[in-house]
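Q: my questions are about this predicted structure, shown below with the sequence.
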Amino acid sequence: MITLGINAAFHDSAAALVVDGIVVAAAEEERFTRIKHGKRPLPFTAWELPFNAIDFCLRQAGTTLAEVDHVAYSFDPAVFLNGRDGELSLPELPLRPETQAQGGWENPWDPLFAAYVANAPDQLVDGAPHHLQRRFMLADRRRPPYRWHFVDHHACHQASAFLAAPFDRCAVMTLDGRGERATTTYGRWSAEQGYWPLGEVTMPNSLGLFYEQITTHLGFLHSSDEYKVMALAAMGRPTLADALRQHIRVGRDGQYRVAPLDLASIAGPQRSRGADMLARHFDLAASAQVVLEETVLEIARWLRRATAEPYLTMAGGVALNCVMNAKLRDARIFDRIWIQPAAGDAGTALGAALWVDSEARTTTAPPARNDPSKSGAVLAPDRKRRWHMAHAYLGPGYDDAEIEQALSWAKVPFTRHGSDAELVAATARILASDRMIGWYQGRMEFGPRALGARSILASPIDPMMQARLNELKDREDFRPVAPALPQEDMAAWFSPAAANDGASPFMLFVYDVAPGQSTRIPSACHTDRTARVQTVQADTNPRFHALLRAFGALTGVPVLVNTSFNVRGEPIVCTPRDAIEAFYSTPLDALVIGSFIVEKST
């Protein structure tokens, strides 16, 4: 059974493919179109489907749309429109919605948005670009062979967490900007008993939108730059926390309310994009971060009592806030926390596919329209679950023949290494000489983090390396870079290393640098002496693990700083050509791509 998952309603358009319960591919559309986040989350972009990502997923599985059994779309227009029994009653669309009375709509453009989403099945059949149409051809376009499923957005977030996590049972919490109506959802899942929803918070109350408002006020791009606010928070004092707390009230059963927020009266006028950062900007970021953390901790305590589950899984864009995640981890409310690495909207493509696949494999009844606000189990037990997310390397990959062809076509001089040991040793020597490299290996990551497949790597020993990397990527100077190290070395370099079994494979938690080690890896440390750590295992990324070990043997420091392989304003590189172009348009010293090393003349 083949199930295709699609995210397209808002931003971070993506596709995922599940075959008989196993995820074989997942990728964001931005990696192919080179438009960051795929598109802006505007009502009139909802028609755009991630055709390139879908094509990749189908190609990776050696199949076509005609052979797909189920298509799962991670937004339900019936829930958005408050429809009943799946019936859609769409209003007329005025020519200029912003000039018309809103007529009860939250946004005058919402009818257009809903119409685009409701017509996504036809768009999938008819809208593929010409150069991709071969994989999308159907014998009868009016009667596709697959079943189409609109799945509630937050149900997809939830499923992307609990059906991917390495747990047989867990509490589930998803936090993001918004779905159809929900902004936060809670549940409990067990492979033996299925999934139960435990409640939801609905619009306009949203921790994600609260943080987005802070992001906009600080002169950054909302639904894009929230991670910059998180980094900025370490440089300020939470002097405005009391004022912000007055606008967020946590009630019973996981409910909370967010009152309208006039940030100009609290924190001064909005910063213009590119203007100087002032102390009040740092303090606003620090205050927002503290209030977010406090709110999530209070909600998590309720969820632990409500579920009695020792493990927690999380998804939703807010779950990408690794500082918040660390505070939740260290509070020990739950024994272990697992966060799906593509926790933002891209991950709903994965969740949609997993939800419908699980439902279809575990029941003889046709999959129903899914509303997580229903009481009782809404997803059957899956006692024969065949997959969990041990790594995020689910995107496109290219073999040495394809890479060599690209290098030769570009007339790029290169050296080929005949073994992994030779390649790793040569790369470690380059890094030990304080040179920066582009590291392009295997299948690329699904999600926003570079995890050693499409990374820029450098030594953390030189105190100036962080500044050099930020200059290379034309980034703000307050932005940290993240350390990667073998998982077995975690306890020697970071604490508390015992949390989550000492594993942080997806770079979703910060850790304190162990006493005495910060002076050895100054470029891996943020202002507050924390680091967003990635632990690397030999069985999930053997070449990267070997490189870390080799660098450690040369320097005594088995740690490299790792940032995404891209230039400012562009997504992470995907193809060999993307990597070559990024290499030659930046001050990178070497490109290690497959079995090949390209070095610039000095």
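A: Structure received.

Q: what about the residue nearest to Gln517 when sequence neighbours are not counted, neighbour count?
A: Leaving out its chain neighbours, the residue that sits closest to Gln517 by CB to CB, 6 or more residues apart in numbering is Trp493, at 5.3 Å. C-betas here are computed from N, CA, C, even on glycine. Using other CB atoms under 10 Å, Trp493 is surrounded by 23 other residues.

Q: now do stretch 361-374, average pLDDT.
A: Average pLDDT, stretch 361-374: 54.

Q: ditto for stretch 292-310
A: On average, stretch 292-310 scores 98.

Q: what's the answer for stretch 441-451, then?
A: In this model, stretch 441-451 has a mean pLDDT of 97.

Q: and the longest helix anywhere in the chain, what's buried?
A: In the chain, assigned by DSSP state H, the helix with the most residues is helix 279-307. Going by neighbour count (16 or more other CB atoms under 10 Å), the buried part of helix 279-307 is 280-296, 299-300, 302-304, 307.

Q: downstream neighbour of it in the secondary structure list?
A: Remark: after helix 279-307, the chain's next helix or strand is strand 311-315, criterion DSSP states H and E.

Q: sec struct for Ile214, please.
A: At Ile214 the chain is in helix, as set by DSSP: H, G, I helix; E, B strand; the rest coil.

Q: got the contact list for the residue nearest the centre of the chain?
A: Central residue of the chain (CA atoms, centre = their mean): Ala342, 2.9 Å from the mean position. Applying CB atoms under 8 Å, 6 or more residues apart in numbering to Ala342 gives the contacts 14, 26, 28, 160, 350, 392, 446-448.

Q: again, but for Phe565
A: For Phe565, the contact set (CB under 8 Å, 6+ apart) comprises 438-440, 450, 454-456, 572-573, 579, 582.

Q: how much space separates it from Pro576?
A: When CB to CB, to the nearest Å is the yardstick, Phe565 and Pro576 sit 12 Å from each other.

Q: identify the contacts common to these two.
A: Tyr440.

Q: just to revisit the earlier point, where does the residue nearest to the centre of the chain fall, phi/psi-wise?
A: Dihedral pair for Ala342: phi -100, psi 60, per degrees, to the nearest 10.

Q: how much space separates the nearest residue to Gly447 once chain neighbours are set aside from Trp439?
A: Nearest non-adjacent residue to Gly447, counting by CB to CB, 6+ apart: Ala342, 3.5 Å away. Distance, Ala342 to Trp439, by CB to CB: 20 Å.

Q: count the neighbours of Thr362 for me.
A: Neighbours of Thr362 using other CB under 10 Å come to 16.

Q: try Val424
A: 22.

Q: buried residues, the host helix or strand of it. List them.
A: In this structure, Val424 is located in helix 420-432 according to DSSP H and E. The neighbour-count check on helix 420-432 (16+ other CB under 10 Å) flags 423-428, 430-432 as buried.

Q: from the residues you listed, which single one is nearest Ile54?
A: When the buried residues of helix 420-432 are compared for distance to Ile54 (CB to CB), Leu423 wins out at 33.5 Å.

Q: which residues are in contact with that closest one?
A: With contacts defined as CB under 8 Å, 6+ apart, Leu423 is in contact with 417, 543, 592, 595, 597.

Q: can you flag which of these belong to strands?
A: 592, 597 (DSSP state E).

Q: make a markdown table out of the contacts of Leu423 and add distance to Gly236, pLDDT and neighbour count.
A: Converted to a markdown table, the contacts of Leu423 look like this (distance: CB to CB, whole Å; pLDDT from 0 to 100; neighbours: other CB atoms under 10 Å):
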| residue | distance to Gly236 | pLDDT | neighbour count |
| --- | --- | --- | --- |
| His417 | 47 | 97 | 17 |
| Arg543 | 39 | 98 | 19 |
| Val592 | 38 | 98 | 26 |
| Ser595 | 46 | 98 | 20 |
| Ile597 | 42 | 98 | 19 |
